[in-house]
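Asks: show me the folded form of this:
(chains A and B)
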Amino acid sequence: MKEKIVKVILILLGGAFLIIMLVLPLATVLVYALRQGFETFSKAITDEYAVKALHLTLLATGITVIVNTIFGVFAAWTIAKFRFRGKQALTTLIDIPFSISPIIAGLVFILVFGRIGWAYPLLEAWDIKIVFAVPGIVLATIFVTFPFVSRELIPLMQAQGSDEEEAAALMGAGGFRIFFKVTLPHIKWGLLYGVILCTARSLGEFGAVSVVSGHLRGKTNTLPLHVEILFNEFKLTAAFSVSSILVLIAVIILILRNIVEYRVKREER
Amino acid sequence: MKRTSILSRKALALAITLGLITGAFTGCASKDSSLAANKDSAKSVAITNVSYDPTRELYEQYNKLFQTYWEKEKGQKVEITQSHGGSGKQARSVLEGNEADVVTLALEGDVDELRKAGLIEDGWVNEFPKNSAPYTSTIVFLVRKGNPKNLKDWDDIVKSGVEVITPDPKSSGGARWNFLAAWAFANKKFGGDEAKDKDFLKALYANVSVLDSGARGATTTFVENGQGDVLLAWENEAFLSLKEHPDDFEVVTPSLSILAQPSVAVVDTNVKKHGTEEVSKAYLEYLYSDEAQRLEGQNFYRPSNPDILKEFSSTFNLDIELVNIDDDFGGWAKATEKFFADGAIFDEIYKK
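Replies: Prediction:
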């Protein structure tokens, strides 16, 4: 009997916590977004600046995911399948963006590529703009989401060991062939999982991007930054309408993630 | 069977990758073309106005006014990109390479930082009339409807139990005006006894419950999040909040406040680089035209043209005693050094 009461209390506590921390805030976003009717909502999300912000966010996310996927696979392959000096140092280096505050991530780019940065004269000579322009936003996003793919792959590849690759090498397969025929099929779901996480994080990145953006409306404003601007302009409904796009994308990504997780589990069996 | 499915997946991944890369490149290409359009006699020209927080609504309207004027005058379309944030933060971003053609900031000192950095030529203060301040404002109190704590003047808001919202003078231009207005009041009250002035300001900042980094953040804290009893605000910001929520707030004008002169300037280095000297200068000059002055009044800035200011006498309390940064504090350079530099009076009173 006593055990049952404890059980019920624990379940209620857990449920209440979930509702207060996750369900209510998300529901609030939707309620606020649709508070003034669907017309205001659709006007907010088809606003010129909102659409441009969405484009920029998708562009930055696209480039980020490509770069980090390629890099992540290389890094994981190197770290998991080979033995070399400085391996631990490399692993730690890759993890830095996880532990560093996004504002520092943004500031380092300003200190390197900004007008007072050491690389500025060089950029000026070539007429290239990095910070306060689109490349800076992409760089900041890449930096922040750097470890997502590799961190997902390294434990997976280490667990699988390098026996199969060695066997393939003994039978005369080249590096590329080994990778595509032996390694990739084993890690594909883990890779996809990493890519999905990386996408989710890139879409929502706020801190580092805010530092390098310069907040130029219609030029360097990403969707999360646009939400902040609208909020500061007392346009609450519009802010939450735009937020709901981000929430929607997040939900789609979570569904994809669950599908992938399910496939991974089935494959492992 | 399995092999074909892997192959088709690979093909799909390749297609997505290619699509994204093409997207990235077309994105860059379109940006280049807008840059190329920026030549003197071109059909269209693009400028960037880096401004501070509370001017969002004003410049949204002013830009339309100027676009119409310029197209009529020169037959050229102007695309104006706005950027808003805390004044000091915005000046910093221009200094670090945010390529503004014009800056319209809260403080002369912030614009002067750009001069020190070599981006703006010496003597910019006299480039436009009235110290390059086309509109002015002052610091007033925004209180909850009915003024439940009966806050009338600076004496009232230093009393214990009053929660004050004001941004951080270290990062916000508006907050420095707040600080100096309170100081001027104390200085008059105590007949110039600085020790007493410091105690007065200390009591004031002891009452501050939220110290935001920018003026707009402070307003949001007070208006939307319902924190505090009184917001020390720009007059324009206070009236704007009142317009949004007429049933929730009241504007209280204290007996004495400070004349705030937000400064405008052309960023010489950047306009030369962009070839936008003429239009940038005209953009700021047009702020003094009668139409623009009225627009500034409608957005609750005090027009610098005295005749047009009189048209708004029902909005603004024109009887308020206004001290002035140059006459009463010896200019921004001196005031900054005395009050806001590291280890200066603000640090002294806020630390204790």
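Asks: tell me the contacts of B:Leu58?
Replies: By C-beta atoms under 8 Å, 6 or more residues apart in numbering or on different chains, B:Leu58 lies in contact with B:236, B:295-296, B:299, B:301. All C-beta atoms are positioned from the backbone trio N, CA, C, and that covers glycine.
Asks: let's go with 7 Å and repeat that
Replies: By C-beta atoms under 7 Å, 6 or more residues apart in numbering or on different chains, B:Leu58 lies in contact with B:296, B:299, B:301.
Asks: once you drop chain neighbours, what's closest to the first one?
Replies: Right, B:Glu296. Excluding its sequence neighbours, the residue lying closest to B:Glu296 (C-beta to C-beta, 6 or more residues apart in numbering or on different chains) is B:Tyr135, at 4.3 Å.
Asks: how does the chain divide into domains?
Replies: You didn't pick a chain, so chain A it is. Using automatic domain parsing, the domain ranges for chain A come out as A:1-33, A:41-268.
Asks: my question was about chain B, not that one.
Replies: Here the domain assignment for chain B is B:44-134+B:262-311, B:138-259+B:320-351, based on automatic domain parsing.
Asks: okay, those domains in a markdown table with distance to A:Gly106 and mean pLDDT next?
Replies: Below are the domains of chain B laid out as a markdown table (distance: least, C-beta to C-beta, whole Å; pLDDT from 0 to 100):
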| stretch | distance to A:Gly106 | mean pLDDT |
| --- | --- | --- |
| domain B:44-134+B:262-311 | 11 | 92 |
| domain B:138-259+B:320-351 | 15 | 89 |
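Asks: in a helix, B:Phe141, correct?
Replies: No: read with DSSP: H, G, I helix; E, B strand; the rest coil, B:Phe141 is strand and lies in no helix.
Asks: break down the stretch 1-150 of chain B into its strands, ranges please.
Replies: With DSSP state E, counting those that start in this stretch applied, the stretch 1-150 of chain B shows strands at B:44-51, B:77-83, B:102-105, B:135-136, B:139-144, listed in chain order.
Asks: residues in the stretch 151-269 of chain A within reach of chain B, list them.
Replies: The stretch 151-269 of chain A has residues A:185, A:214-219, A:232-234 near chain B, with proximity defined as C-beta under 7 Å from any C-beta of the partner chain.
Asks: between these, which sits nearest A:Lys87?
Replies: Taking C-beta to C-beta as the measure, A:Lys87 sits nearest to A:Pro185 out of these, at 24.9 Å.
Asks: in which helix or strand does the closest one reside?
Replies: Per DSSP states H and E, A:Pro185 falls inside helix A:184-204.
Asks: please name whichever of the strands of the stretch 1-150 of chain B is nearest to A:Ala33.
Replies: Ranking the strands of the stretch 1-150 of chain B by proximity to A:Ala33 (C-beta to C-beta) places strand B:77-83 first, at 24.4 Å.
Asks: report the contact partners of whichever residue of the stretch 151-300 of chain B sits closest to chain A.
Replies: Per C-beta to the nearest C-beta, B:Arg216 is where the stretch 151-300 of chain B lies closest to chain A, at 4.9 Å. Counting by C-beta under 7 Å, 6+ apart, B:Arg216 makes contact with A:232, B:53-54.
Asks: so which of those is the most crowded?
Replies: Among the contacts of B:Arg216, B:Pro54 has the most neighbours (other C-beta atoms under 10 Å in any protein chain shown), with 28 neighbours.
Asks: show me the strands in the stretch 251-352 of chain B, by range?
Replies: Assignment of strands within the stretch 251-352 of chain B using DSSP E, counting those that start in this stretch yields the ranges B:256-259, B:263-266, B:302-303, B:321-324.
Asks: of all these, which one comes closest to A:Leu223?
Replies: The nearest among the strands of the stretch 251-352 of chain B, by C-beta to C-beta, is strand B:263-266 at 30.9 Å.
Asks: if we can go back for a sec, export the host helix or strand of the residue of the stretch 151-300 of chain B closest to chain A to CSV, keeping only CA atoms.
Replies: Using DSSP H and E, the element containing B:Arg216 is helix B:215-223. What follows is helix B:215-223, C-alpha atoms only, in CSV (Å, rounded to 0.1, in the frame of the first residue of the first chain):
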residue,chain,number,x,y,z
ALA,B,215,17.2,51.0,-22.4
ARG,B,216,14.8,48.8,-24.3
GLY,B,217,15.6,45.8,-22.1
ALA,B,218,14.8,47.9,-19.1
THR,B,219,11.5,49.1,-20.6
THR,B,220,10.5,45.5,-21.4
THR,B,221,11.4,44.5,-17.8
PHE,B,222,9.1,47.2,-16.4
VAL,B,223,6.3,47.2,-19.0
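Asks: quick check: buried residues in that helix?
Replies: The neighbour-count check on helix B:215-223 (16 or more other C-beta atoms under 10 Å in any protein chain shown) flags B:215-223 as buried.
Asks: any idea which helix or strand comes after that helix?
Replies: Once the chain leaves helix B:215-223, the next helix or strand it forms, by DSSP H and E, is strand B:230-234.
Asks: which of the residues of the stretch 151-269 of chain A next to chain B are buried? Put it as a ChimeraX command.
Replies: Buried residues within these, by 16+ other C-beta under 10 Å, are selected in ChimeraX with:
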select /A:214,215,216,217,218,219,232,233,234
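Asks: which among the residues of the stretch 151-269 of chain A next to chain B gets closest to B:Leu119?
Replies: B:Leu119 has its nearest neighbour among those in A:Gly214, at 14.6 Å by C-beta to C-beta.
Asks: one step back: neighbour-wise, which one of the contacts of B:Leu58 leads?
Replies: When neighbours are taken as other C-beta under 10 Å, the top entry among the contacts of B:Leu58 is B:Glu296 (28 neighbours).
Asks: quick one: it from B:Asp155, how far?
Replies: Using C-beta to C-beta, to the nearest Å, we find B:Glu296 at a distance of 32 Å from B:Asp155.
Asks: and B:Ser241, by the same measure?
Replies: 24 Å.
Asks: who's more crowded, the two?
Replies: More crowded of B:Ser241 and B:Asp155, by other C-beta under 10 Å: B:Ser241, with 22 against 14.
Asks: residues contacting B:Ile325?
Replies: Contact analysis of B:Ile325 by C-beta under 7 Å, 6+ apart lists B:331-332, B:335.
Asks: hang on, I meant A:Gly204
Replies: Counting by C-beta under 7 Å, 6+ apart, A:Gly204 touches A:224, A:246.
Asks: need the pLDDT of it.
Replies: Per-residue pLDDT puts A:Gly204 at 89.
Asks: please apply the same query to A:Arg263.
Replies: On the pLDDT scale, A:Arg263 gets 81.
Asks: and if you look at A:Trp77?
Replies: Looking at A:Trp77, its pLDDT is 88.
Asks: would you say it is within a helix?
Replies: Yes: judged by three-state DSSP, A:Trp77 forms part of a helix.
Asks: burial check on it, number of neighbours?
Replies: Residues lying near A:Trp77 (other C-beta under 10 Å) number 21.
Asks: contacts only, for it.
Replies: If a contact means C-beta under 7 Å, 6+ apart, then A:Trp77 has A:Thr183 as its contacts.
Asks: A:Phe234 versus that one, what's the distance?
Replies: Counting by C-beta to C-beta, the gap from A:Trp77 to A:Phe234 is 51 Å.
Asks: sketch out the low-pLDDT regions of the stretch 51-200 of chain A for me.
Replies: For the stretch 51-200 of chain A, no stretch is flagged by pLDDT under 70.
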